[in-house]
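Trainee: Model the structure of this input:
(chains A, B, C and D)
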Protein chains: 2
Amino acid sequence: MTVSRVLRNRGDVSEATREKVLAAAKKLGYVPNRIAGALASQRVNLVAVIIPSMSNMVFPEVMTGISEVLDGTELQAVVGLTHYKPDREEQVLYEMLSWRPSGVIIAGLEHTDASKAMMRAAGIPVVEIMDTDGEPIDSAVGISHRRAGRQMGEAIVAAGYRRIGFMGTKMPLDHRARKRFEGMTQALAKAGLEIEDREFYEGGSGFVKGREMTQAMLSRSPDLDFLYYSNDMIGAGGLLWCLEQGIDVPGRLGLAGFNGVNLLHGLPKLLCTMDACRNEIGRRAAQLIADRVATPDQGRGAIIELSPEIALGDTIRRAAAD
Amino acid sequence: MTVSRVLRNRGDVSEATREKVLAAAKKLGYVPNRIAGALASQRVNLVAVIIPSMSNMVFPEVMTGISEVLDGTELQAVVGLTHYKPDREEQVLYEMLSWRPSGVIIAGLEHTDASKAMMRAAGIPVVEIMDTDGEPIDSAVGISHRRAGRQMGEAIVAAGYRRIGFMGTKMPLDHRARKRFEGMTQALAKAGLEIEDREFYEGGSGFVKGREMTQAMLSRSPDLDFLYYSNDMIGAGGLLWCLEQGIDVPGRLGLAGFNGVNLLHGLPKLLCTMDACRNEIGRRAAQLIADRVATPDQGRGAIIELSPEIALGDTIRRAAAD
DNA sequence: ATGAAAGCGCTAACAT
DNA sequence: ATGTTAGCGCTTTCAT
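Mentor: Numbers count the residues shown, from 1 in each chain, chains lettered A, B, ... in the order given. All right, here's what the predicted structure looks like:
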């Protein structure tokens, strides 16, 4: 009836009745039932966001980017966490699609066949984020982690380092970390080098982890002259340890991380890193969805590859050519 | 029809038909429409989680706690962000309640009258988290920030510090930070002391912010012998700066933060802090909701106050009584 | 500018 | 063990 029209600011309703309805609604604490609304209208203003975790630095920032854009629209993000498990991802996706969202933003390009089938069958815009090394189902926004690893490898070689150690998470399913590692390996190989030592850890990434691993690796392989960390948190821990030991960074030993975590600016030395473009990825992905919702038959299959630069900081030698 | 029964594992269905239905569903990529289901059954397995932000350390950990518990149930968290703005909270709440969730977990005890009315009228379990200094609408899980501030103040006084400076966010609406500040002031007053200098900042909490503020405050008030930071990130920045300046910490100058951010273990010195019990708050709140959903007429109005201890660390003098 | 009626895709209760 | 029927609370369309 008329009430419905008022609450959606739709159709022609006289100002008088309009106000009357609004007043009554407020007094009764009436909240409309969107479930019924969505069922009747076949429209749901929800965007499913499916990401591995909230406990590292990266995804909260992606979420912030998504919110920045969606807050300017009718759309609402709904988050589901997969904990890097493909079958959990499948289940979360199923749950979310059962609410018939207007779009899906999902981390990564690797999914189970069932997940892919569901996303294709859903008939809604799907944006795969973080990574562009692979074949997206529909659209993608991210960076090439393989290239990121390669660029860092090239920078390390160019700076004159030769004996490189690697530290990362023990996560066979963190495809992006794997791709960075592959890129780095490839760049080193081109210079006739190999990773000399490596160490993998489980659990949260804190400073302590970085310290412990660095100590372990350097006592095992004291001749290393560069340490590449798969994220900035452990890199920062390693940096603090090295400085305490009086190790000359970046002269005797170079260090680099990944992610470009701004919160860490303010360490005794600025860690060499590479921005993962977290906020921008979130914003661009949300924009893609918003545009597709507004204009359903445009922009399918868009691929946006961002190109972060290395931030050299103070932990890698500058101008080795001098 | 029967299909519905199969997909919900309900009622008596023969194994044969069951399998047939499942196979067909999988092949067609069929995902049931929960909107219709929810409308028909008047049950929605969603829990609305309403928090200020995702970009500091605290709420992602609360979310992790919530997920840990909810993952063992049929319930699903749906997050809405308020950015510390009461009217945005009201709007987000309205949006979420319109989906008729099974429960609400909301940060803080301060809400607009309209928000409170909505929550009371919703007829579902509501758990207000983080804070217990006030009157909850229904249940609450948190710590007393006033007491936390007081305890820290007492510890500072007991350690023999006398000239205290405070640094916090310029956030009139961060009630918990405000309550901690009040508690601290009160404890100092009892010892005849006052905060001698204070500084407030805007924007993200990074190490750099802590460094800059510490430098500014100490050059303005060089006689301070203790600095209390409203969070660990800026405290860590301050600590790093002080150590670089060669300031004797905790001898000449004591430092303390708040939150108990484990990621920061591994700094050159362990920052004195107080755990905000983020993960446990999330878990207990989720448990409260889960229990109420299982047994609707039990546990209304439960108030769980957690009692974190001060973690002295290395930045406050021990055993001043010696 | 307002009212009336049909139906969105399920679940619940009741047949069979 | 399976089929049938009547809504759930809205939106949409058509009528007034």
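Trainee: all contacts plus neighbour counts: C-alpha atoms, from now on.
Mentor: Noted.
Trainee: Could you check how many residues crowd around A:Gly134?
Mentor: For A:Gly134, the neighbour count with other CA atoms under 10 Å in any protein chain shown is 11.
Trainee: so who does it touch?
Mentor: A:Leu109 (CA atoms under 8 Å, 6 or more residues apart in numbering or on different chains).
Trainee: sec struct for it, please.
Mentor: coil (DSSP: H, G, I helix; E, B strand; the rest coil).
Trainee: With DNA strand C as the reference, measure out to it.
Mentor: 33 Å (CA to the nearest atom of the strand, to the nearest Å).
Trainee: repeat for A:Gly149
Mentor: From A:Gly149 to DNA strand C the distance is 45 Å (CA to the nearest atom of the strand).
Trainee: What about A:Glu194, how many residues nearby?
Mentor: Neighbours of A:Glu194 using other CA under 10 Å come to 17.
Trainee: Tell me the confidence at it?
Mentor: Per-residue pLDDT puts A:Glu194 at 97.
Trainee: mind checking which helix or strand A:Asn279 is in?
Mentor: helix A:278-294 (DSSP states H and E).
Trainee: List the buried residues of the helix or strand following that helix.
Mentor: Toward the C-terminus, helix A:278-294 is succeeded by strand A:303-305 as the next helix or strand (DSSP H and E). Within strand A:303-305, the residues scored as buried using 16 or more other CA atoms under 10 Å in any protein chain shown are A:303-305.
Trainee: neighbouring contacts of the following helix or strand past strand A:303-305?
Mentor: Downstream of strand A:303-305, the first helix or strand assigned by DSSP H and E is strand A:310-311. Contacts with strand A:310-311, where a contact means CA under 8 Å, 6+ apart, come from A:151-152, A:260, A:272-275.
Trainee: and if you look at stretch A:17-36?
Mentor: Counting by CA under 8 Å, 6+ apart, A:3, A:6-7, B:35-36, B:38-39, B:94, B:97-100, B:114, B:117-118, B:121 sit against stretch A:17-36.
Trainee: Quick check: mean pLDDT of the helix or strand containing A:Ala187?
Mentor: Here A:Ala187, judged by DSSP H and E, is contained in helix A:175-190. Averaging pLDDT along helix A:175-190 gives 96.
Trainee: picking that back up, let's see if you can find the most crowded of the contacts of stretch A:17-36.
Mentor: B:Arg100 (26 neighbours).
Trainee: I'd like to know how far it sits from DNA strand C.
Mentor: 15 Å.
Trainee: gap between that residue and chain A?
Mentor: In this view, B:Arg100 and chain A are 7 Å apart by CA to the nearest CA, to the nearest Å.
Trainee: all helices of chain A, in order?
Mentor: Along chain A, counting by DSSP state H, helices occupy A:2-7, A:15-28, A:34-41, A:58-70, A:86-97, A:113-122, A:145-158, A:175-190, A:207-220, A:232-244, A:278-294.
Trainee: Highest average neighbour count across these: which stretch is it?
Mentor: helix A:232-244 (a mean of 24; mean count of other CA atoms under 10 Å in any protein chain shown).
Trainee: Could you check what's spatially nearest to A:Arg278, not counting adjacent residues?
Mentor: A:Val62 (5.0 Å; CA to CA, 6 or more residues apart in numbering or on different chains).
Trainee: And the one you found, what's its pLDDT?
Mentor: For A:Val62, the model assigns a pLDDT of 95.
Trainee: could the buried residues of strand A:303-305 go into a markdown table alongside pLDDT?
Mentor: Formatted as a markdown table, the buried residues of strand A:303-305 follow (pLDDT from 0 to 100):
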| residue | pLDDT |
| --- | --- |
| A:Ile303 | 98 |
| A:Ile304 | 98 |
| A:Glu305 | 98 |
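Trainee: which of the contacts of stretch A:17-36 sit farthest apart?
Mentor: B:Ala36 and B:Ala114 (29.2 Å; CA to CA).
Trainee: now the residue in the stretch 101-250 of chain A that DNA strand C sits nearest to: how far from chain B?
Mentor: For the stretch 101-250 of chain A, the residue closest to DNA strand C is A:Ala122, as judged by CA to the nearest atom of the strand, at 12.7 Å. The spacing between A:Ala122 and chain B, counted by CA to the nearest CA, is 9 Å.
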